[in-house]
Every structure is written in structure tokens, then in C-alpha cells.
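Q: predicted structure and sequence below. I'll ask about it afterward.
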Amino acid sequence: MKLGLGLYRQSLTPDNFRFAQQCGATHLVVHLVDYFGGANPQLTRGDDRRGWGTTQNQGKLWAVEELVALRKQIEGHGLVWEAIENFDPAHWHDVLLDGPKKKAQLEDLKILIRNIGKAGIPVMGYNFSIAGVWGWTKQSVGRGEAPSLVFDARDVDLDMPMPNGMAWNMTYDPNATEGNVPSVSNEELWQRLEVFLATILPVAEECGVRLAAHPDDPPVETLRGHARLVNHPDKFQTLLDLVPSPASAIEYCLGTVQEMAEGDLYANIDALSKANKVGYVHARNVRGKVPQYKEVFIDEGDIDMKRVIQILKNNNFDGVVIPDHTPEVSCSAPWHAGMAHAMGYLKALID
Ligand SMILES: [Mn+2]
């Protein structure tokens, strides 16, 4: 088992590579989608009509040269590039929405997977979701009044429609016609996932890339009128069984699974890691479950992290564990301090 750090696109700097190494990380998970910018990346819900921002990468697929150049930079700092986290909505909005560009975008995704394979990056994390991550607020309710993400269904209109031109909580077409994306049912969403997996997994197998699915955060029944895919731990297996493949795996988000209304996190991660189906792990602690929970520091909260790491160790899990997100620490580097604390805690457990 290896300790890693997740870095957002604008955080891919030599200083942050050094920071990762200094905290004991040997591996990186890299976000190439440009959402959480700045020196102190913040995961907020974003504007309800624009989400995390507008992507302008239509037709601009990650090229092999670009990926290899970044890999060399990462390796130059003594780190290993383990995974990319998340497709850009510009590259697959119509795969999610079943729109007119679906066929072309599925072809683009095949090219992307081939490029990722050629660049020697073993895992591609994805979250097959229409509404994406949405509905949090930030409140100073963490330990020591730390600003932390809170989900409280009483404070958010979960049925607030999603405007046309949006997918996965980002805008891909700012000039879309007025109106909202029609509701997507549970059955329909699983069918769309099946098409995606049946098309992409054979290519992933060929290229030695594993696709790792993140569960739906928040794991409610529906969000903004759209079904949620993996909102119960058992649905990981449903996803894996949909199109069986050695290239199909799980981006196991401990926080999201703990937030789920039902299920046993420990039995679930035990079974999946035993079956070698865990691609990598998001380690984040929470208190509460849907419809009300808050994110807390990794050493508190409802998840027994020591027990989780022990299970992974018992099952010879050989992948990477990264902190997911943490409450902000009150200092001049709130994100870094939160990450350093989480990495130190994880490293001690792993050691
Ligand atoms: Mn996560």
C-alpha cells in the first residue's frame, strides 16, 4: 500500500511536488480538469447555473506528449504518477447526457485511454454522474471551528433543475438554449453506463489502463432531478458485474461510502480489496449520513481509519491511498496544512 497525494490542475507545481514528497507521499493522483484553482483550492458547490466553471476543452484531448512531459516532471521530483482523476465534461458530456455527440465522444474517450496507456499512467478515475458533486455548503463547524463541507438536505433544494449546457456540475455550453436537462431515471442512467463501459473497457484492457469508478457524492437517491448511480455500497458490485473486465475497478471513496444511508463500509472494502477491485482509495472522514453529514478531520468522525487500513493490509492492497479533502486549517496555507495532517496520520497507520 502506498501513500499518495491528489493535486488539482493549477496545483501541479514544483513546490507542490516537493510538498507531497516532504509529507511522505510516493505517488500522485492528478486532476487535469480545471476546476479548483488557486493556491488554496476550495471545493465548494459553485454557482448553481454554472457549477465549477466553464470548460473550454472541446476537441482538445490530452495528448501523449503533454502527458509524458508532465510524467517526466513528476518523476523528476521522485514521484510516481499513479492516476488521473476525472474526465473533462468537454470530452464526455454527451456520453453522460446521451446527446448528439455521444458516438464521437465515445471515440474520443478511446483515444484518451490509448494516450493514457502510452504515457504509462495505470489508472483513470471517473465519476459517471449527471449532476456530479453538488449540494454542499461550507461552514465553520469542524474541530476548532475549521471551515468544513456540510451537506444538509434541509438547507438545499435537491430538486433544483440543472440548466441546459451543464453536465457533471460544470458548464460545457454557455450558449445552450434556455431550459433544463430532462430528468434521467435510474434505469436509463445504468444503461448509459453500460454503453460507456462496453465501449471503453476493451480498449482499457488492451492499453493496460484500469478505469476506477468513484461513487456518487452526495449519495442521495436523486439530485437535481437525476438518478444517482452508486449510492449504496452494494452498487459497486452491480457496476463491476455490468461489464465484467479486469480493467474495471473502484475509486473507493471512504467518505462517500460512510455517508450512504445503508451498508457496511468495512465488509464492502474487505470484499472489494480481496477481489483486487480497488483502484485507489480516497481517505476522508465524515460525521453523519445522508440527509445530514459533515466532513471532519481524518482522525475523528465515524470511520475507524485504523480498521480500514488494516483490512487493506490484510488483503495485500498494493494501490495508493490519498487524502480526499479535509477541513481547512487556520493558517496561511489552509489546504496544505489540512493535507499534511491527513498524510501524516495515514502514513503512521500504513507504517
Ligand atoms: Mn472522494
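A: Arrived safely, thanks for sending. Numbering: from 1, shown residues only.
Q: and the helix or strand M124 falls within, which strands flank it?
A: Applying DSSP states H and E as the criterion places M124 in strand 123-126. Based on DSSP bridges, the pairing partners of strand 123-126 within the sheet are strand 80-85 (parallel), strand 210-213 (parallel).
Q: nearest to G165, out of these?
A: strand 80-85 (23.6 Å; C-beta to C-beta). No exception for glycine: its C-beta is placed from N, CA and C like everyone else's.
Q: average model confidence for the closest one?
A: Average pLDDT, strand 80-85: 98.
Q: what's the following helix or strand after it?
A: Using DSSP H and E, the helix or strand that follows strand 80-85 towards the C-terminus is helix 89-97.
Q: buried set for that next one?
A: 89-97 (16 or more other C-beta atoms under 10 Å).
Q: what's next to the strand holding M124, contact-wise?
A: Outside strand 123-126, the residues within contact range by C-beta atoms under 8 Å, 6 or more residues apart in numbering are 29, 82-87, 113, 116, 204, 209-214, 249, 251, 279-280, 319.
Q: spatially nearest residue to V184, not counting backbone neighbours?
A: Distances taken as C-beta to C-beta, 6 or more residues apart in numbering place H226 nearest to V184, at 4.6 Å, with adjacent residues excluded.
Q: I'd assumed I130 was in contact with that neighbour.
A: Yes. The criterion here is C-beta atoms under 8 Å, and H226 meets it with I130 at 4.0 Å.
Q: who has more neighbours out of these two?
A: I130 (28 against 23; other C-beta atoms under 10 Å).
Q: strand partners of the helix or strand where L149 lies, parallel vs antiparallel please.
A: If you go by DSSP H and E, L149 is part of strand 148-152. If you go by DSSP bridges, strand 148-152 pairs up with strand 137-139 (antiparallel), strand 292-296 (antiparallel).
Q: can you tell me which of the ones you listed is most buried?
A: Most buried of the strands paired with strand 148-152, by mean neighbour count (mean count of other C-beta atoms under 10 Å): strand 292-296, with a mean of 22.
Q: who's in contact with the residue nearest to N186 when sequence neighbours are not counted?
A: What sits nearest to N186 in space, not counting adjacent residues and going by C-beta to C-beta, 6+ apart, is A227, at 4.0 Å. Applying C-beta under 8 Å, 6+ apart, one finds that A227 lies in contact with 130, 184-186, 188-189, 221.
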